[in-house]
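Trainee: Provided below are the primary sequence and the corresponding predicted coordinates.
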Amino acid sequence: MLDIQYIANNAKQVNTNCQLRGYEIEVNAILQLYYERKCLISLIDDIRHQSKTLAKITPGESIDEEHRLQAKELKKKETDLAQQLKETEEKLQEKISWLPNILDPRVPIGGEDDNQVICQVGKIREFDFQPLSHEELGQKLNLIDIPRGVKAAKSRFYFLKNEAVRIRYALIQMFTDKLMPQGFELVSPPYLTKDLTLYASGYLPFAQKDNFKIVDEDLSLIGTSEQSMLGIHLDEILTKLPLLYLGDSMCFRTEAGSYGRDTAGILRVHQFYKLEQIVYCHPDESEDWHLKCLENEEWLMQELEIPYQVVLTASQDLAAPGRIKYDTEAWIPSQGKYRETTSNTNMGDYQTRRGNIRYKINKEKGFPHTISATGFCDRLIIAIMENYQEADGSIVIPQKLVPYMGGLSVIQPK
């Protein structure tokens, strides 16, 4: 959330920022409510001052009917103005809640096509046979069952089976072994959270259509463990920074607005597994931790020897809470292009302001910065399957992953 005083002092910048990010928000309407609020507070303070003056009349002095009526009238005015103030503050907060974070100056302007490639790492494999898609491989090797997933649930659900599940477990252990010595605390959070928690994370109100809401409950399935992990410190004052968490969770998304996109395979689905790096840090260390999380993401891709690229996300392809975001994209042979496998976003103090999460260290007070960076998600299983397939239909396990697979080095056709 943006500070109201910052909005008032930088209205033009805030308005331009909304336009660059593709949000049609009337900043002037926010300012009008802000000044109405200030006026109402001033009027209430004045009435309270008058009431105190009347109350100073000593018991020995005459208190005529006029004074009593005046006191009663002041009380009624105060009550009415307090109600107006409450309504104005609610309207103000509702409008402010729709303001996206201020972009980092490095962020390219535009949509997905304007994302900037920062680097490309690894050699793209040249196959001497026609490579299969992960969907085809999954069916042949009994690793992915989409038709029965649809039968059991609906489209964009699937059964992950056998060695594919083992690859997931292996990746969990491999990445956890890397991060635990860095001070990350492994946490499996609730898969359901309250609206307040989703609001603090910045997921609401922006991504409401992508939210699996539980009917008649103040609960929704999380779209990422980051959402739960913002709830862990709501309304707290932190006395130690940084706080490092590795969120372990299933994630659930309606994928609203993605009709017709990535309908084949399991690239875009309603349920998937993810490990998420979540960092609370001092503002001065924000950039360092953002890059450290990216370093961890790249480490995993390099260990698996999967070709990838890192892109700096453009303004309209960046979720509202983010200031700056790097995506790591793995090469997917069947599509002949890179596809996102992890994302790494620096939110600044946007989320902690919304969640009233502060720090007080050595008499210094403020709002910590938060960083949310995918460690890996199930899309990495897709990348492994497709990049390591062989002509006979088998899949070779990446060398560094073999110890985590109990020594299994090849998935053979059944």
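Mentor: That came through fine.
Trainee: residue 267 touches residue 381, doesn't it?
Mentor: No - assessed by CB atoms under 8 Å, residue 267 is found out of contact with residue 381, at 10.8 Å. Heads up, the C-betas are built off the backbone N, CA and C, glycines and all.
Trainee: compare neighbour counts for these two and give me the winner.
Mentor: More crowded of residue 267 and residue 381, by other CB atoms under 10 Å: residue 381, with 26 against 20.
Trainee: which residues touch the closest residue to residue 160 other than its chain neighbours?
Mentor: Leaving aside its sequence neighbours, residue 160 sits nearest to residue 144 (CB to CB, 6 or more residues apart in numbering; 6.2 Å). With contact set as CB atoms under 8 Å, 6 or more residues apart in numbering, residue 144 has these partners: 134-135, 137-138, 158-161, 164, 265-266.
Trainee: got any ranges where the stretch 51-200 of the chain has weak pLDDT?
Mentor: 57-64 (pLDDT under 70).
Trainee: show me the helices in it, by range?
Mentor: 65-96, 134-140, 146-152, 162-179, 195-201 (DSSP state H, counting those that start in this stretch).
Trainee: elements contacting the first one?
Mentor: Helix 65-96 makes packing contacts with helix 4-9, helix 27-55 when contacts are defined by 3 or more CB pairs under 8 Å, 6 or more residues apart in numbering; DSSP states H and E.
Trainee: buried ones in that helix?
Mentor: Neighbour-count burial for helix 65-96 flags 71, 74, 77-78, 81, 84-85, 88-89, 91-92, 95-96 (criterion: 16 or more other CB atoms under 10 Å).
Trainee: residue 8: how many residues sit nearby?
Mentor: Residue 8 - counted by other CB under 10 Å - has 15 other residues nearby.
Trainee: mind listing what it touches?
Mentor: 31, 34.
Trainee: tell me how far it lies from residue 280.
Mentor: 28 Å (CB to CB, to the nearest Å).
Trainee: can you check residue 353 too?
Mentor: Counting by CB to CB, the gap from residue 353 to residue 280 is 13 Å.
Trainee: still on that earlier bit, same list (the buried residues of helix 65-96) but as JSON lines, adding distance to residue 335.
Mentor: Shown next, in JSON lines, are the buried residues of helix 65-96 (distance: CB to CB, whole Å):
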{"residue": "71", "distance to residue 335": "76"}
{"residue": "74", "distance to residue 335": "71"}
{"residue": "77", "distance to residue 335": "67"}
{"residue": "78", "distance to residue 335": "65"}
{"residue": "81", "distance to residue 335": "61"}
{"residue": "84", "distance to residue 335": "57"}
{"residue": "85", "distance to residue 335": "56"}
{"residue": "88", "distance to residue 335": "52"}
{"residue": "89", "distance to residue 335": "50"}
{"residue": "91", "distance to residue 335": "46"}
{"residue": "92", "distance to residue 335": "46"}
{"residue": "95", "distance to residue 335": "41"}
{"residue": "96", "distance to residue 335": "41"}
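Trainee: closest to residue 248 among the residues you listed?
Mentor: residue 96 (33.0 Å; CB to CB).
Trainee: the closest one contacts residue 2, correct?
Mentor: Yes - contact status for residue 96 versus residue 2: in contact at 6.6 Å, counting by CB under 8 Å.
Trainee: which of the residues in stretch 11-29 are buried?
Mentor: In stretch 11-29, counting by 16+ other CB under 10 Å, buried: 14-15, 17-18, 20-21, 25, 27.
Trainee: ok, and what's touching that stretch?
Mentor: With CB under 8 Å, 6+ apart, stretch 11-29 has contacts from 2, 6-7, 31, 95, 98-100, 102-103, 109, 111, 315-316, 318, 320.
Trainee: start and end of it, how far apart?
Mentor: This stretch, stretch 11-29, spans 11 Å end to end (CA to CA, to the nearest Å).
Trainee: closest to residue 127 out of the contacts of residue 144?
Mentor: residue 137 (13.0 Å).
Trainee: quickly find the element holding the closest residue to residue 190 other than its chain neighbours.
Mentor: In this structure, residue 190 finds its nearest non-sequential neighbour in residue 228, 5.3 Å apart by CB to CB, 6+ apart. Here residue 228, judged by DSSP states H and E, is contained in helix 225-231.
Trainee: what mean pLDDT would you report for the next helix or strand after that helix?
Mentor: Once the chain leaves helix 225-231, the next helix or strand it forms, by DSSP H and E, is strand 237-238. For strand 237-238, mean pLDDT is 98.
Trainee: again with stretch 343-352
Mentor: Mean predicted lDDT for stretch 343-352 stands at 97.
Trainee: and for it, what are the contacting residues?
Mentor: 1-2, 101-102, 104, 200-202, 230, 277, 280, 283, 286-287, 290, 293-294, 297, 313, 318-319, 321-328, 357-358, 366-374.
Trainee: so what's the nearest residue to residue 390 once chain neighbours are set aside bridging to?
Mentor: Using CB to CB, 6+ apart and skipping the chain neighbours, the partner closest in space to residue 390 is residue 396 (6.4 Å). Taking DSSP bridges, one obtains residue 410 as the residues bridged to residue 396.
Trainee: residues contacting residue 396?
Mentor: 388-390, 409-410.
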